[in-house]
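# take this sequence and fold it.
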Amino acid sequence: MAAKTVALDAEAYALLLRSKRAGETFSEVVRRKLRPPSRVSDLAGSLSDLPPKEWKDIELARSAQRRRDAVRKRRLDRGGGDS
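Numbering: from 1, shown residues only. Predicted structure coming up:
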């Protein structure tokens, strides 16, 4: 495969470096971040390699959203609107 040299400023390099997973090349990071899945089947298993901290962050965000949804549902059930 042909290689290309790309110049990045310090901020862009830092973003790329933070996105890099253990054992992953910079090319793999760029492909992972920039190539959108073209089919639903492409997504299968895509979350299976997330680091534990990222899973925990996702679980916390989902729990917080479920709590907000429950509050909103109670308010709507009482006829209080969604404001």
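
# any stretches of this structure with poor pLDDT?
37, 42-44, 80-83 (pLDDT under 70).

# might one say that Phe26 is in contact with Tyr13?
No - applying C-beta atoms under 8 Å, one finds Phe26 not in contact with Tyr13, separated by 9.4 Å. The C-beta positions use only the backbone N, C-alpha and C, and glycine is treated the same way.

# at which residues are the helices of this structure located?
In the chain, the helices defined using DSSP state H lie at 10-19, 26-34, 40-43, 52-77.

# wait, which of those is closest to Ala3?
For Ala3, the closest of the helices of the chain is helix 26-34, at 8.6 Å, according to C-beta to C-beta.

# okay, that closest one in PDB with CA atoms only?
Output in PDB follows, covering the C-alpha atoms of helix 26-34 (Å, rounded to 0.1, in the frame of the first residue of the first chain):
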ATOM      1  CA  PHE A  26      -2.700   6.300  13.000                       C
ATOM      2  CA  SER A  27      -4.100   5.000   9.600                       C
ATOM      3  CA  GLU A  28      -6.500   2.700  11.400                       C
ATOM      4  CA  VAL A  29      -7.600   5.700  13.600                       C
ATOM      5  CA  VAL A  30      -8.300   7.800  10.500                       C
ATOM      6  CA  ARG A  31     -10.200   5.000   8.800                       C
ATOM      7  CA  ARG A  32     -12.200   4.200  12.000                       C
ATOM      8  CA  LYS A  33     -13.100   7.900  12.500                       C
ATOM      9  CA  LEU A  34     -13.800   9.000   9.000                       C
END
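
# contacts for that helix?
16, 19-21, 24 (C-beta atoms under 8 Å, 6 or more residues apart in numbering).

# 7 Å instead, please
16, 19-20 (C-beta atoms under 7 Å, 6 or more residues apart in numbering).
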